[in-house]
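Take this sequence and fold it.
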Amino acid sequence: QVQLVESGGGLVQAGGSLRLSCAASGGTFSRNAMGWLRQAPGKEREFVAGIAWSGSSTYYADSVKGRFTISRDNAKNTMYLQMSSLKPEDTAVYYCAAGKFSWQISDYENRGQGTQVTVSS
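Down below sits the predicted model:
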């Protein structure tokens, strides 16, 4: 099973940008679809974005479409989430996940420990 470690979270003002990274090790990263999930305080975990193993196909939640971009570099075993025009409602712990290419959380069974993103108004 692939081990996943997120980085790049932090505190940013509304309208700002952040780039999250997810480093994978111990498995075959390039064979897995990957995704980002998030969980805000007091809310259920939700799907943010997903990317196929080749990087050629992506899914986005409606709430982030046009603002976030998911990408991957299979040569570096790394996935990214470029977040722009951030809003306070984007505040959450963001989780890197591996699994089946899908917009459903249940299809991303292997998850990292998460990185905190806080957007101040």
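
Could you pull out the strands in this protein for me?
Listed in chain order, the strands of the chain (DSSP state E) span 3-7, 10-13, 18-25, 33-39, 46-51, 58-60, 68-73, 78-83, 92-99, 110-111, 115-120.

I'd like the ones you listed laid out as CSV, including mean neighbour count and mean pLDDT.
C-betas here are computed from N, CA, C, even on glycine. Below are the strands of the chain laid out as CSV (neighbours: other C-beta atoms under 10 Å; pLDDT from 0 to 100):
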stretch, mean neighbour count, mean pLDDT
strand 3-7, 18, 96
strand 10-13, 13, 98
strand 18-25, 19, 96
strand 33-39, 24, 97
strand 46-51, 22, 97
strand 58-60, 17, 96
strand 68-73, 18, 98
strand 78-83, 22, 98
strand 92-99, 23, 97
strand 110-111, 16, 94
strand 115-120, 17, 98
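
Could you find the closest non-adjacent residue to the residue positioned nearest the centre of the chain?
Note on the chain: the residue nearest the mean C-alpha position is Trp36, at 2.5 Å, using C-alpha atoms, centre = their mean. Leaving aside its chain neighbours, Trp36 sits nearest to Val48 (4.2 Å; criterion: C-beta to C-beta, 6 or more residues apart in numbering).

next one: Gly114
Among residues not flanking Gly114 along the chain, Val93 sits closest, at 4.2 Å (C-beta to C-beta, 6+ apart).

so that neighbour touches Gln116, yeah?
Yes. With contact defined as C-beta atoms under 8 Å, Val93 counts as touching Gln116 (5.5 Å).

Now do the contacts for the nearest residue to Gln39 once chain neighbours are set aside.
Spatially, and ignoring its direct neighbours in sequence, Gln39 is nearest to Arg45 (4.2 Å; C-beta to C-beta, 6+ apart). Residues counted as contacts of Arg45 (C-beta atoms under 8 Å, 6 or more residues apart in numbering) are Leu37, Arg38, Gln39, Tyr95, Ile105.
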